[in-house]
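Asker: Could you look at this predicted model? Sequence included:
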Amino acid sequence: MIASLRAFLNRIAGGRPEEHDITALGADLDRWSTTLAEAAVEETEQVYGRRPDLLGRGQATWPAVRFTHLDDNSLEGVVTFDRYFLGRHGVAHGGAIAFLFDEIAGRLAHLGGRPMARTGYLRIDFRAIAPIEVELRISGRYLREEGRKRILRLELAHGDTLCAEAEVLMVTLKPGQR
Ligand SMILES: CCCCC/C=C\C/C=C\C/C=C\C/C=C\CCCC(=O)SCCNC(=O)CCNC(=O)[C@H](O)C(C)(C)COP(=O)(O)OP(=O)(O)OC[C@H]1O[C@@H](n2cnc3c(N)ncnc32)[C@H](O)[C@@H]1OP(=O)(O)O
């Protein structure tokens with residue numbers, strides 16, 4: 001279903017359907033919303049975004065990263081920004097890159113069974129455009145750990161071109177923090 005939704009969002013983003021199809025689609029979506037409202041659950045019960053075995057953890061609105069390497073202190077992977085993530089002129093939206101980085105930082109921060117942490121800061125430098133619909137490389141590693149602070153470095157590259165880099169602070173949650 002998530003794969004279908006992902007494909008659907010790309011068709012929406014990249015299409016210019018006829019008016020009668022837009023109207024029919026809106027009605028279909030409204031019907032599904034009503035059905036899904038009956039299946040509403042608390043956050044702890046939801047499945048969306050909680051399936052690490054699926055691309056993008058089972059989120060349709062997250063760029064689908066495929067990890068090629070994971071150890072306790074670093075990771076590597078590939079990601080393609082679909083049409084849905086277009087900013088302008090064939091380039092991925094900067095916010096989509098921030099979303100990608102925050103998620104990757106979360107993944108990196110919890111490697112090696114480390115305790116739960118939250119993003120303190122995410123400082124991004126956009127060095128070159130990141131094109132959509134091509135495979136980009138993502139990498140992340142620990143710079144250092146200081147008490148509750150984990151400082152990480154992330155990179156997004158297209159071939160030999162560095163598209164964006166970030167320094168991220170993840171802070172270990174204190175007892176009672178959620
Ligand atoms: C959403 C939760 C993630 C759940 C992960 C779940 C499972 C993991 C499994 C797999 C992972 C896969 C994917 C992960 C998914 C998503 C990851 C997304 C993560 C996020 O998207 S998360 C949402 C955005 N995030 C926030 O919503 C944070 C709001 N905020 C706060 O919750 C507090 O602000 C907090 C807790 C950050 C700190 O607060 P606090 O009271 O606990 O600690 P305190 O302030 O004492 O800071 C301690 C030391 O950090 C330094 N420090 C703190 N902040 C700093 C800053 N900005 N700049 C420079 N230094 C800073 C202090 O200066 C001090 O340093 P020092 O000890 O040296 O003095």
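Answerer: Yep, it's here.

Asker: mind pulling up the phi and psi values for whatever residue of the chain ends up closest to the ligand?
Answerer: Minimum separation of the chain from the ligand (CB to the nearest ligand atom) falls at Gly106, amounting to 2.3 Å. Just so you know, the C-beta spots here come from the backbone N, C-alpha and C atoms, and that holds for glycine as well. Main-chain dihedrals, Gly106, degrees, to the nearest 10: phi -60, psi -40.

Asker: Quick check: next helix or strand after the helix or strand containing Ala24?
Answerer: Under the assignment given by DSSP states H and E, the secondary-structure element containing Ala24 is helix 19-37. Tracing the chain C-terminally past helix 19-37 and defining elements by DSSP H and E, one meets strand 65-70 next.

Asker: Give me the contact list for that following strand.
Answerer: Residues outside strand 65-70 that contact it (CB atoms under 8 Å, 6 or more residues apart in numbering): 55-56, 75-79, 100, 103-104, 111, 138.

Asker: switch to 10 Å and redo it
Answerer: The set of residues external to strand 65-70 that reach it, using CB atoms under 10 Å, 6 or more residues apart in numbering, is 55-57, 75-80, 100, 103-104, 107-108, 111-112, 135-140.

Asker: Just give me the neighbour total for the residue of the chain closest to the ligand.
Answerer: If you count neighbours by other CB atoms under 10 Å, Gly106 ends up with 17.

Asker: Check the spacing between Thr119 and Glu103 real quick.
Answerer: Applying CB to CB, to the nearest Å, the value for Thr119 to Glu103 is 10 Å.

Asker: coming back round to it: filter the contacts of strand 65-70 down to just the ones in helices.
Answerer: Judged by DSSP state H, the contacts of strand 65-70 include 100, 103-104, 107-108 as members of helices.

Asker: Dump those into TSV; add pLDDT and neighbour count as well.
Answerer: What follows is the ones in helices among the contacts of strand 65-70, written out as TSV (pLDDT from 0 to 100; neighbours: other CB atoms under 10 Å):
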residue	pLDDT	neighbour count
Leu100	97	25
Glu103	94	18
Ile104	96	25
Arg107	95	17
Leu108	97	26
